[in-house]
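Participant: from the sequence below, what's the structure:
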Amino acid sequence: MTAPTPVITAELKAVLRQVKLGRCLDTLPERLALAKSADMAHADFLELVLADEVTRRETTSASLRARAAGLDPDMCLENWDASTKVSFDHQVWDELCSLRFIDAGHNALVLGPVGVGKTFMATALGHAAVRRRYGVMFSRTDVLLKRLRASRLDNSHDAEIRKLVRVDLLVLDDFALQPMDALDTADIYELIVERHRASSTVVTSNREPLEWLGQLSDALLAQSAIDRLKSAAYELVLEGESYRSHEKPGLPVGTTTPRPRRRRRP
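Facilitator: The predicted structure follows:
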């Protein structure tokens with residue numbers, strides 16, 4: 001005779017919630033069915049259920065930390081469209097994905113024309129780092145500089161700089177896209193110098209590194225900062241068609257667009 005399927009009682013649900021394991025109920029029916037069909041030992045069944053809970057908590061934690069880091073939730077490694085016609089050095093990319101550059105205090109420069117996926121790749125590295133429990137912060141460079149400028153007004157500038165210096169991975173998107181005045185240049189110089197060989201910085205830019213020098217207002221500070229940034233950096237150059245063309249919304253298969261009605265003349 002086939003053994004009856006175990007019933008999840010109200011008492012069991014209450015106990016699981018009391019010990020903060022209430023989310024185990026999401027997968028418990030499937031796990032009970034699997035344990036029954038596979039004649040699973042009690043210890044193996046318990047390990048399976050608890051492994052589900054560990055995975056769920058890690059996923060939830062990574063999602064919250066990614067949001068706090070300013071990372072776009074859709075721009076992760078598993079969502080990259082490999083069919084896009086964007087070329088780059090896959091050996092360099094694989095090395096960056098290993099995240100060994102973070103442990104070594106190295107940087108990454110992700111360069112290329114508009115729309116080829118620079119921000120996507122930099123963000124994907126941020127997600128990978130968050131999942132490994134590195135501290136990550138992502139910001140468009142102009143937004144970060146505006147925040148630092150505003151922090152001078154309430155005397156929180158030093159605290160903001162310290163926070164940016166300490167983070168394991170700082171991602172600066174659209175670096176040197178716009179000219180920087182004396183205050184912005186001083187902030188960029190301090191960040192790069194303080195983080196040099198101690199923490200990792202990923203920079204995306206449409207401009208060549210040589211052009212960055214002309215975007216900073218002080219030539220000496222610019223030379224010193226950019227030389228440090230480049231000397232410890234991998235360079236990933238992207239070329240090809242716009243990656244954004246793959247992100248356009250499309251109609252479901254079989255959907256027809258209604259023809260506009262002609263207005264009758266009065």
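Participant: what bits of this protein have low per-residue confidence?
Facilitator: Flagging of the chain using pLDDT under 70 yields the residue ranges 1-6, 243-266.
Participant: domains of it?
Facilitator: 11-68, 77-244 (automatic domain parsing).
Participant: for the first one, the distance to its chain's centre please.
Facilitator: In this case it means domain 11-68. 27 Å (C-alpha atoms, centre = their mean, to the nearest Å).
Participant: secondary structure class for Q178?
Facilitator: For Q178, the assignment made with DSSP: H, G, I helix; E, B strand; the rest coil gives coil.
Participant: likewise for M137?
Facilitator: With three-state DSSP as the basis, M137 sits in strand.
Participant: that one and L153, how far apart?
Facilitator: M137 sits 21 Å away from L153, going by C-beta to C-beta, to the nearest Å. Bear in mind the C-beta positions are built from the backbone N, C-alpha and C, glycine included.
Participant: quick one: R152 from R140, how far?
Facilitator: Taken as C-beta to C-beta, the span from R152 to R140 is 19 Å.
Participant: more crowded one of the two?
Facilitator: Neighbours per residue (other C-beta atoms under 10 Å) separate R152 from R140, with R140 holding more: 17 against 13.
Participant: tell me the helices and strands packed up against the helix or strand hosting A150.
Facilitator: Here A150 is covered by helix 141-151, with elements defined by DSSP states H and E. Applying 3 or more C-beta pairs under 8 Å, 6 or more residues apart in numbering; DSSP states H and E, we find helix 141-151 packed against helix 157-166, strand 169-173, helix 182-195.
Participant: which residues sit against that helix?
Facilitator: 139, 157, 159-161, 164, 172-178, 180, 183-184, 187-188 (C-beta atoms under 8 Å, 6 or more residues apart in numbering).
Participant: hmm, 10 Å instead?
Facilitator: 70, 137-140, 156-161, 164, 170-178, 180-181, 183-188, 190-191, 203-205 (C-beta atoms under 10 Å, 6 or more residues apart in numbering).
Participant: for PyMOL, write a command that selects the buried ones of the residues you listed.
Facilitator: Per 16 or more other C-beta atoms under 10 Å, the buried members of the contacts of helix 141-151 correspond to this PyMOL selection:
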select buried, resi 70+137+138+139+140+157+160+161+164+170+171+172+173+174+175+176+177+180+184+185+186+187+188+190+191+203+204+205
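Participant: measure L172 to A124 for me?
Facilitator: Distance of L172 to A124, computed by C-beta to C-beta: 16 Å.
Participant: secondary structure element for the closest residue to A186 other than its chain neighbours?
Facilitator: In this structure, A186 finds its nearest non-sequential neighbour in L221, 6.9 Å apart by C-beta to C-beta, 6 or more residues apart in numbering. For L221, the host element (DSSP H and E) is helix 219-231.
Participant: and that helix, what does it pack against?
Facilitator: Where contact means 3 or more C-beta pairs under 10 Å, 6 or more residues apart in numbering; DSSP states H and E, helix 219-231 is packed against strand 107-111, helix 182-195, strand 200-205, helix 209-215.
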